[in-house]
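Participant: okay, sequence plus prediction incoming.
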Amino acid sequence: MWQLFSTKPMWQKSALRDSYDVVIVGGGVHGLATAYYLCKRGVNNLAVLERSYLGGGNSGRNTAILRSNYRMPQGVAFYNASMKIWENLSCELEFNLLFSQEGHLTLAHTDSTMSGLRVRADANQLLGVDSRLVTPEEIKRMVPAINIRQDVRYPILAGLYHPPGGIIRHDAVVWGYARAANNLGAELHTHTEVTGIVTKNGGVEGVETTRGKIKTGTVVNATSGWSTAIARMAGVSLPITSHPLQACVTEPLKPFLGKVIVSANLHVYVNQTDRGEVVLGSEIDPYSSYSLRSTLPTLEMIAAHTLDLFPCLRHVCVMRQWGGVCDMTPDYSPIIGETPELKGFILDVGWGTYGFKAGPIAGSLVSELVDTGRTPELIRPFALSRFRDNHLVGEKAAAAVST
């Protein structure tokens with residue numbers, strides 16, 4: 001007989017040991033996914049270190065939108081592989097992640113944006129990703145509440161429709177991966193802040209934490225927001241800047257929005273959760289900062305542009321506003337793989353606004369790298385050395401709300 005509630009904790013607490021084969025810094029989706037897939041490979045003498053609670057960073061602050069309609073061939077292949085994992089992950093983890101593949105619509109309000117969406121649609125289709133251009137009339141049929149009038153300031157000219165896209169519960173993903181990794185032998189240590197990384201003769205020897213020193217030959221930097229701070233502890237410099245990203249949520253409403261709506265021109269995206277709340281987000285703040293504070297100008301901008309699309313929401317109350325910190329690389333693509341100058345220091349950083357949706361495939365491929373010592377083909381284009389070799393993977397054209 002099924003139990004509705006259980007007093008058994010989802011993961012077990014354990015004493016912090018003084019030595020592990022692998023130490024993963026960051027207890028979000030990327031760190032927990034890496035731990036899970038490493039354990040599946042038989043590498044379970046590992047610890048995940050999180051300075052607050054599991055999912056307390058960007059994994060708990062994002063808006064949990066999933067998609068694979070990117071622009072560059074390297075990015076399309078990578079995120080599409082992640083989408084395929086997402087589609088079966090609830091069954092694999094035996095935990096309901098509340099994944100709703102309701103479809104993703106990127107709107108165009110200018111001729112140049114429409115041209116960019118056309119190029120993305122062609123690239124997606126050539127690479128086997130379901131994505132196509134749609135007219136304002138088709139958009140109206142899919143989203144009856146949206147405003148497609150042409151006598152407004154920013155009329156909708158077209159859209160990029162991506163049926164596999166959707167939303168998921170970010171906390172469920174964190175819990176699902178954490179429980180599965182812990183059941184396979186991974187140790188999860190919360191409120192354990194890394195304060196230093198010990199190196200010797202060009203390799204990692206251990207980490208220093210607020211709970212003591214740990215010996216290890218492999219450290220995975222799976223942090224977001226503060227990835228450069230962790231890298232500096234190891235003497236590694238990264239071409240990353242950190243910017244706040246803000247979002248907010250309204251009071252619950254009856255279901256009216258069955259698609260994820262994104263507008264790069266208006267710098268806003270909108271979706272409705274399974275609880276009826278409307279989630280609203282914007283682009284990254286223009287200044288570099290570690291601040292998690294939300295600001296009134298951003299809220300005003302989000303509200304104004306949301307009403308351009310959905311005038312019917314003009315009397316709806318905003319209940320909460322929050323911020324996260326995004327690590328932005330020059331080409332809007334992540335940095336994954338080994339650090340050339342420091343053996344045993346593995347990077348899974350620089351995700352910008354794309355990180356959550358890449359969690360499963362990044363964790364799977366980083367675990368393969370740690371286990372075998374060989375770099376998987378899908379992550380080769382995202383090596384740190386690409387900035388030195390001028391082999392950039394420019395994904396700004398696929399950024400949801402940046403132009």
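Facilitator: Everything's here; your move.

Participant: just the pLDDT at Ala397, thanks.
Facilitator: Each residue has a pLDDT score; the one for Ala397 is 84.

Participant: is it true that it touches Gly116?
Facilitator: Yes: with contacts defined as Cβ atoms under 8 Å, Ala397 counts as touching Gly116 at a distance of 5.7 Å. Every residue, glycine included, has its C-beta placed from N, CA and C.

Participant: which residue packs closest to Thr339, ignoring adjacent ones?
Facilitator: With Cβ to Cβ, 6 or more residues apart in numbering as the measure, Phe345 is the residue that lies nearest to Thr339, at 4.4 Å, once sequence neighbours are left out.

Participant: do the same with Ile146
Facilitator: Nearest residue to Ile146 in three dimensions, chain neighbours excluded: Leu309, at 5.8 Å (Cβ to Cβ, 6+ apart).

Participant: that neighbour reaches Val270, doesn't it?
Facilitator: Yes: with contacts counted by Cβ under 8 Å, Leu309 reaches Val270, the gap being 6.7 Å.

Participant: shared neighbours, the two?
Facilitator: Jointly contacting Leu309 and Val270 under the rule Cβ atoms under 8 Å, 6 or more residues apart in numbering are Ile261.

Participant: now the helices for the stretch 101-250 of the chain?
Facilitator: Defined through DSSP state H, counting those that start in this stretch, the helices belonging to the stretch 101-250 of the chain, from first to last, are 111-126, 136-142, 170-183, 227-233.

Participant: run the angle between the longest helix that the chain contains and helix 170-183 for me.
Facilitator: What stands out as the longest helix in the chain, according to DSSP state H, is helix 73-93. With axes from the mean of the first three to the mean of the last three Cα atoms, to 10 degrees as the basis, helix 73-93 and helix 170-183 are set at 70 degrees to each other.

Participant: what's helix 73-93 packed up against?
Facilitator: Secondary structure elements in contact with helix 73-93, counted by 3 or more Cβ pairs under 8 Å, 6 or more residues apart in numbering; DSSP states H and E, are helix 111-126, helix 170-183, helix 359-372.

Participant: out of the ones you listed, flag the one nearest Tyr332.
Facilitator: If you check each of these against Tyr332 by Cβ to Cβ, helix 111-126 wins as the nearest, at 13.9 Å.

Participant: list the buried residues for the closest one?
Facilitator: Judged by neighbour count (16 or more other Cβ atoms under 10 Å), helix 111-126 contains these buried residues: Thr113, Met114, Gly116, Leu117, Arg120, Ala121, Ala123, Asn124.

Participant: again, but for stretch 194-205
Facilitator: Counting neighbours by 16+ other Cβ under 10 Å, stretch 194-205 gives Val194, Ile197, Val198, Thr199, Val204 as buried.

Participant: out of those residues, who's nearest Lys254?
Facilitator: Distance ranking of the buried residues of stretch 194-205 against Lys254, using Cβ to Cβ, places Val194 first at 45.8 Å.

Participant: for stretch 367-386, list the C-alpha coordinates in CSV.
Facilitator: Extracted C-alpha coordinates of stretch 367-386, given in CSV (Å, rounded to 0.1, in the frame of the first residue of the first chain):
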residue,chain,number,x,y,z
SER,A,367,31.0,12.1,-14.6
GLU,A,368,32.3,10.3,-17.7
LEU,A,369,35.3,12.7,-17.9
VAL,A,370,36.1,12.1,-14.2
ASP,A,371,35.7,8.4,-14.4
THR,A,372,37.5,7.7,-17.7
GLY,A,373,39.9,10.7,-18.0
ARG,A,374,38.7,11.2,-21.5
THR,A,375,36.7,14.3,-22.7
PRO,A,376,33.4,13.4,-24.3
GLU,A,377,32.8,14.8,-27.8
LEU,A,378,29.7,16.8,-26.8
ILE,A,379,31.7,19.0,-24.3
ARG,A,380,34.9,19.4,-26.4
PRO,A,381,33.7,22.6,-28.0
PHE,A,382,33.1,24.2,-24.5
ALA,A,383,36.7,23.8,-23.2
LEU,A,384,38.4,26.7,-21.5
SER,A,385,41.1,26.7,-24.2
ARG,A,386,38.6,27.9,-26.8
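
Participant: residues in contact with it?
Facilitator: Contacts to stretch 367-386, defined as Cβ under 8 Å, 6+ apart, come from residues 22, 34, 37-38, 40-43, 74, 77-78, 81, 218, 220, 238, 331, 333-340, 346-347, 361-362, 365-366, 391-393.

Participant: weed out the non-buried ones from those residues.
Facilitator: In those, burial by neighbour count holds for 22, 34, 37-38, 40, 43, 74, 77-78, 81, 218, 220, 238, 331, 333-339, 346-347, 361-362, 365-366, 393, counting by 16+ other Cβ under 10 Å.

Participant: for the closest residue to Glu338 other than its chain neighbours, give me its contacts.
Facilitator: The shortest distance from Glu338 to any residue that is not its chain neighbour, by Cβ to Cβ, 6+ apart, is 6.0 Å, and that residue is Ile346. Ile346 makes contacts with Thr218, Val219, Val220, Asn221, Gly337, Glu338, Thr339, Val366, Leu369, Val370, as judged by Cβ under 8 Å, 6+ apart.
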